[in-house]
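*Asks:* Here is my input; please provide its structure:
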Amino acid sequence: MMPNSSPALDLSVPSDKPEEACGVFGVYAPEEDVAKLTYFGLYALQHRGQESAGIATFEGSKLHVYKNMGLVSQVFNESTLSELPGDSAIGHTRYSTTGSSHVGNAQPVVVETRLGFLALAHNGNIVNANQLREELQQQDCHFTSTSDTEVIARAIAREVNGGKDWLEATTTALTLCRGAFSLTVATPIGIMGVRDPNGIRPLTLGVLDGNPQRYVLASETCGLDIIGAEYLRDVEPGELVFLSEAGLSSIHCAMRPQPKLCVFEMIYFARPDSIMNEESLYSYRMRIGQILAKESPADVDMIIGVPDSGIPAAIGFSRASGISYAEGLIKNRYVGRTFIQPTQHMREVGIRMKLNPLKDVLDGKRVLIVDDSIVRGTTSRKIVKALRDSGATEVHMRISSPPVTHPCFYGIDTDSQDQLIAATKSVAQIERQIGVDSLAYLSHQGMLEATG
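*Replies:* I've put the predicted structure just below:
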């Protein structure tokens, strides 16, 4: 079954933040409107990817799929959702890390097997995808996209076509995959949720309305909250959970799982209202701000945060330092990825579509601004200039994570060291380049202390 789609569009926009791979969702809920549940789950996970969105539902053995480029609210409407009936569904919202940004790489990925269709949504990055792709192509597997997600789906299909059932085929195929993967997988008989042996990317499990037969999977707990699902637990590193008519079952695929959740999930990626390690990330980010204030104090008039991810740490810094917190930057929260590119002049003066300074708050003040990270430094430099242009007499910056000095191959788009300002410049050099009076990062020890 071919998904509905429109011509490919290049949505690549330079960013000065680490970009996350994706958000995944899954629901097994007979007699519920699973497409709408998935839509709202993806809506809550929109921060994890803004390039494409898709939903696949199973109505018995019949698969329905719709995916396209754009935000969740742009891709789906009442009409498209009404064409996705079924008892189970998976969904995906994507930021491309492996595979370029066009509709052919939108997820869920769909493949056909001897047992029927398989639909798969993936958050993370498979580091041996090229090797696996070559092996599968030598066995007459034909690929329709450039994403590593299709490699996983084709590997499972190969095991199914070799005689294994869905669960055995999936566990066998995943032993071949190296890297980060949190998956939701839809089959005619139920939904699977899987995490790699390190649990690098998150995946949570919940139940709808206290009914043990209606389960939900989501990258973060905010995806459960929006539909009124109760959080049960995280899917464990190396675990496969299977949701079906028989209820919930679990298989541990990895012999020696070693939990290594990406710390950037806690610092930046996940929503502040999501729960990790039994507390909200808002509380965690406030704590790293408090530690940052003890490590790197400053003599200033006010503390401000870069919306939205820098604000909890800024509030924590304010509380620990006793210096008042104020909103100095206002964010336009209705800005998604735009198809309209600014003119060269707009780029030069610094287009202010997302952040605008409050001049009457900043004028004549010594300001300390807290942000969660500096990757390339371009956005930080523009923010600092905007604060000075608005009358700030001093601008100091504190970063609530250690310097990003090495690339990540597990689902973040910092895949080369030349993209990272801290890989080639000292803190003093970065300080001069972005134009601040002082710059300090959270120490590794401080990060570990806050994380526990």
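*Asks:* How much space separates the residue nearest the centre of the chain from Ala440?
*Replies:* For the chain, Arg48 is the residue whose C-alpha lies nearest the centre (C-alpha atoms, centre = their mean; 3.1 Å). The spacing between Arg48 and Ala440, counted by C-beta to C-beta, to the nearest Å, is 29 Å. C-beta: built from backbone N, CA, C; applies to glycine.
*Asks:* repeat for Ile90
*Replies:* Counting by C-beta to C-beta - Ile90 and Ala440 are separated by 43 Å.
*Asks:* Comparing these two, which shows the higher neighbour count?
*Replies:* Ile90 (31 against 18; other C-beta atoms under 10 Å).
*Asks:* so where is the stretch 201-350 of the chain shaky, pLDDT-wise?
*Replies:* 210, 334-342, 344-350 (pLDDT under 70).
*Asks:* residue ranges for the strands of it, please.
*Replies:* For the stretch 201-350 of the chain, the strands defined by DSSP state E, counting those that start in this stretch cover 204-208, 215-218, 229-234, 239-244, 247-252, 275-276, 279-280, 302-305, 329-331.
*Asks:* For the last one, what is the distance to the chain centroid?
*Replies:* Right, strand 329-331. Put simply, strand 329-331 sits 22 Å off its chain's centre (C-alpha atoms, centre = their mean, to the nearest Å).
*Asks:* same question, the fourth one
*Replies:* Strand 239-244 has its average C-alpha position 22 Å from the chain's average C-alpha position, going by C-alpha atoms, centre = their mean.
*Asks:* Just the CA atoms of it, as PDB, please.
*Replies:* Below are the C-alpha coordinates for strand 239-244, written out as PDB (Å, rounded to 0.1, in the frame of the first residue of the first chain):
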ATOM      1  CA  GLU A 239      13.700  -4.800  25.800                       C
ATOM      2  CA  LEU A 240      10.900  -5.500  23.300                       C
ATOM      3  CA  VAL A 241       7.300  -5.100  24.500                       C
ATOM      4  CA  PHE A 242       4.500  -6.600  22.500                       C
ATOM      5  CA  LEU A 243       1.000  -5.100  22.700                       C
ATOM      6  CA  SER A 244      -1.800  -7.300  21.400                       C
END
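*Asks:* tell me the angle of that strand relative to strand 229-234?
*Replies:* If you take axes from the mean of the first three to the mean of the last three C-alpha atoms, to 10 degrees, strand 239-244 sits at 140 degrees to strand 229-234.
*Asks:* ok, residues contacting strand 239-244?
*Replies:* 26, 28, 88, 167, 170-171, 174, 189-195, 205, 215, 217, 235, 248-253, 257 (C-beta atoms under 8 Å, 6 or more residues apart in numbering).
*Asks:* quick check: longest strand of this structure.
*Replies:* strand 116-126 (DSSP state E).
*Asks:* Would you mind pulling up the elements that it packs against?
*Replies:* Here strand 116-126 touches strand 22-28, strand 52-59, strand 62-69, strand 88-94, strand 109-113, helix 148-161, strand 179-187, going by 3 or more C-beta pairs under 8 Å, 6 or more residues apart in numbering; DSSP states H and E.
*Asks:* what angle separates the third one from strand 109-113?
*Replies:* If I follow you right, that is strand 62-69. Strand 62-69 and strand 109-113 are oriented at 150 degrees to each other (the same axes, to 10 degrees).
*Asks:* again with the first one
*Replies:* Interaxial angle, strand 22-28 versus strand 109-113 (the same axes, to 10 degrees): 50 degrees.
*Asks:* The stretch 351-452 of the chain: helices as residue ranges?
*Replies:* Counting by DSSP state H, counting those that start in this stretch, the segments of the stretch 351-452 of the chain that form helices are 359-362, 378-389, 421-424, 427-434, 444-451.
*Asks:* which residues sit in contact with Gly116?
*Replies:* Shown in contact with Gly116 (C-beta under 8 Å, 6+ apart): Ser61, Leu63, Thr187, Pro188.
*Asks:* what about the last one, how many neighbours?
*Replies:* The local packing count at Pro188 equals 17, with neighbours defined by other C-beta under 10 Å.
*Asks:* please begin residue numbering at 24 from this point
*Replies:* Happy to do that; since the first residue is 24 now, the last one works out to Pro211.
*Asks:* Am I right that it is in contact with Phe81?
*Replies:* Yes - contact criterion C-beta atoms under 8 Å: Pro211 and Phe81 qualify, at 5.7 Å.
*Asks:* Would you tell me which of the helices of the stretch 374-475 of the chain gets closest to Ile392?
*Replies:* With C-beta to C-beta as the criterion, Ile392 lies closest to helix 401-412 of the helices of the stretch 374-475 of the chain, at 6.9 Å.
*Asks:* The closest one to helix 450-457, inter-axis angle?
*Replies:* In this structure, helix 401-412 runs at an angle of 60 degrees to helix 450-457, with the same axes, to 10 degrees as the basis.
*Asks:* Dump helix 401-412 to CSV, restricted to CA.
*Replies:* C-alpha atoms of helix 401-412 as CSV (Å, rounded to 0.1, in the frame of the first residue of the first chain):
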residue,chain,number,x,y,z
THR,A,401,25.9,31.8,15.2
THR,A,402,22.7,32.1,17.0
SER,A,403,24.4,33.0,20.3
ARG,A,404,26.3,35.9,18.6
LYS,A,405,23.0,37.2,17.2
ILE,A,406,21.3,37.1,20.6
VAL,A,407,24.2,38.9,22.3
LYS,A,408,24.1,41.6,19.6
ALA,A,409,20.4,42.0,20.0
LEU,A,410,20.7,42.4,23.8
ARG,A,411,23.4,45.1,23.4
ASP,A,412,21.4,46.9,20.7
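*Asks:* Could you list the buried residues of that helix?
*Replies:* Neighbour-count burial for helix 401-412, counted by 16 or more other C-beta atoms under 10 Å, picks out Thr401, Thr402, Ser403, Arg404, Lys405, Ile406, Val407, Ala409, Leu410, Arg411.
*Asks:* Adding distance to Asp394 as columns, could you present these in CSV?
*Replies:* Shown next, in CSV, are the buried residues of helix 401-412 (distance: C-beta to C-beta, whole Å):
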residue, distance to Asp394
Thr401, 13
Thr402, 9
Ser403, 7
Arg404, 12
Lys405, 12
Ile406, 8
Val407, 10
Ala409, 13
Leu410, 12
Arg411, 16
